[in-house]
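Student: Turn this into a structure:
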Amino acid sequence: MGFGDLKTPVGLQHLSDFLVDKSYIKGFVQSQADIAVFEAISGPPSAGLYHALGWYNHIKSYEKQKVSLPGIKKALGKYGPADVEDTTRSGATDSKEDDDIDLFGSEEEEESEEAKKLREERLAQYESKKLKRPAIVAKSSTLLDVIPWDDETDTAKLEECVRSIQADGLVWGFSKLVPVAYDIKKLQIQCVVEDVKVGTDMLEERITAFEDYVQSMDVATFNKI
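Tutor: Numbering: from 1, shown residues only. All right, here's what the predicted structure looks like:
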């Protein structure tokens, strides 16, 4: 049992596959299990491993509160899919933490051929379902405020410049002009983005690059879809 070495691409791929249909490492709330796995990763997973990356960013937000999360932190090898060998040498059993202790005091018996066959069949069924399951793409709806320099700025040209920005995972929506002050009107424009492909920092950098028309850009609203 385990993810393998989570400092390698293979280990991170196992983690991302494991999180395809899960929000947390164990159970339905963040716990010490998530912290144990989080601390074994050297940095954020790549954008292509979006299940692992989404989980990583979520658990990172609890990093300062990790001691208050429920559960008992176990050895890393205690978490993950059963068909991945633990190569981190962290899977040793701690008698105080092992949830799988034989309550009757007997030693663990060797897995029977029948049980092994059943486990392999269930793993094969799970892998088959996972391959058929469509990937969930995290998206956000964002409303941007684009501020022109003054009341003489050509707002039609300003909007044309903003909409000329094209990127994979970016779709522009409705827009309107909103009075600000001194006859100045800001451009309020909505867009839908794929979170792993387009960020607000990128949008700000590219919009403010039209410096003849744009004074600044702010995020008015940001909602997950």
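
Student: quick one: residue 69 and residue 48, what's the gap?
Tutor: Using C-beta to C-beta, to the nearest Å, residue 69 is found at 28 Å from residue 48. From N, CA and C alone the C-beta is placed, and that goes for glycine too.

Student: who has more neighbours, those two?
Tutor: Higher neighbour count among residue 69 and residue 48: residue 69, with 16 against 12, using other C-beta atoms under 10 Å.

Student: Could you check the pLDDT of that one?
Tutor: pLDDT recorded at residue 69 is 84.

Student: What is the burial count for residue 14?
Tutor: Neighbours of residue 14 using other C-beta under 10 Å come to 21.

Student: scratch that, residue 198 is what I was asking about
Tutor: When neighbours are counted by other C-beta under 10 Å, residue 198 registers 21.

Student: same deal with residue 25?
Tutor: Applying other C-beta under 10 Å, we find 24 residues neighbouring residue 25.

Student: Assign it to helix, strand or coil.
Tutor: Classification of residue 25 using DSSP: H, G, I helix; E, B strand; the rest coil returns coil.

Student: Isn't it up against residue 31?
Tutor: Yes. Residue 25 lies in contact with residue 31 (C-beta atoms under 8 Å); the separation is 7.5 Å.

Student: So what does residue 164 have for phi and psi?
Tutor: Phi and psi for residue 164, reported as degrees, to the nearest 10, are phi -70, psi -10.

Student: With residue 173 instead?
Tutor: Taking degrees, to the nearest 10 as the convention, residue 173 sits at phi -120, psi -140.

Student: Mean confidence (pLDDT) on stretch 45-55, please.
Tutor: 88.

Student: Going by neighbour count, which residues of it are buried?
Tutor: Judged by neighbour count using 16 or more other C-beta atoms under 10 Å, the buried positions of stretch 45-55 are 45, 49-55.

Student: Then stretch 12-31?
Tutor: Within stretch 12-31, the residues scored as buried using 16+ other C-beta under 10 Å are 12-19, 24-26, 30-31.

Student: Equivalent analysis for stretch 206-224, please.
Tutor: Residues of stretch 206-224 classed as buried: 206-207, 210, 213-214, 217 (neighbour count, 16+ other C-beta under 10 Å).

Student: how far is that stretch from where the chain is centred?
Tutor: Distance, stretch centre to chain centre, for stretch 206-224: 25 Å (C-alpha atoms, centre = their mean, to the nearest Å).

Student: what's the first-to-last distance across it?
Tutor: Terminal residues of stretch 206-224 are spaced 22 Å apart (C-alpha to C-alpha, to the nearest Å).

Student: Next, residue 188: phi, psi?
Tutor: Main-chain torsions, residue 188, degrees, to the nearest 10: phi -110, psi 120.

Student: Now do the same contact list for it.
Tutor: The contact partners of residue 188, by C-beta atoms under 8 Å, 6 or more residues apart in numbering, come to 143-146, 175-178, 220.

Student: That one and residue 213: what is the separation?
Tutor: Distance of residue 188 to residue 213, computed by C-beta to C-beta: 15 Å.

Student: next one: residue 37
Tutor: 47 Å.

Student: send the alpha carbons of the helix or strand of the chain with the lowest mean pLDDT over as CSV?
Tutor: Least confident helix or strand of the chain, by mean pLDDT, DSSP states H and E, is helix 113-132 with a mean of 78. Provided in CSV are the C-alpha atoms of helix 113-132 (Å, rounded to 0.1, in the frame of the first residue of the first chain):
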residue,chain,number,x,y,z
GLU,A,113,-5.5,-17.2,-3.2
GLU,A,114,-9.3,-16.6,-3.3
ALA,A,115,-9.0,-13.2,-1.5
LYS,A,116,-6.1,-12.2,-3.7
LYS,A,117,-8.1,-13.1,-6.8
LEU,A,118,-11.1,-11.1,-5.6
ARG,A,119,-8.9,-8.1,-4.8
GLU,A,120,-7.3,-8.1,-8.2
GLU,A,121,-10.7,-8.3,-9.9
ARG,A,122,-12.0,-5.3,-7.9
LEU,A,123,-8.9,-3.3,-8.8
ALA,A,124,-9.4,-4.2,-12.4
GLN,A,125,-13.0,-3.0,-12.3
TYR,A,126,-11.9,0.2,-10.6
GLU,A,127,-9.3,0.9,-13.2
SER,A,128,-11.8,0.2,-16.0
LYS,A,129,-14.4,2.6,-14.4
LYS,A,130,-11.7,5.3,-13.9
LEU,A,131,-10.7,5.2,-17.6
LYS,A,132,-14.3,5.7,-18.6
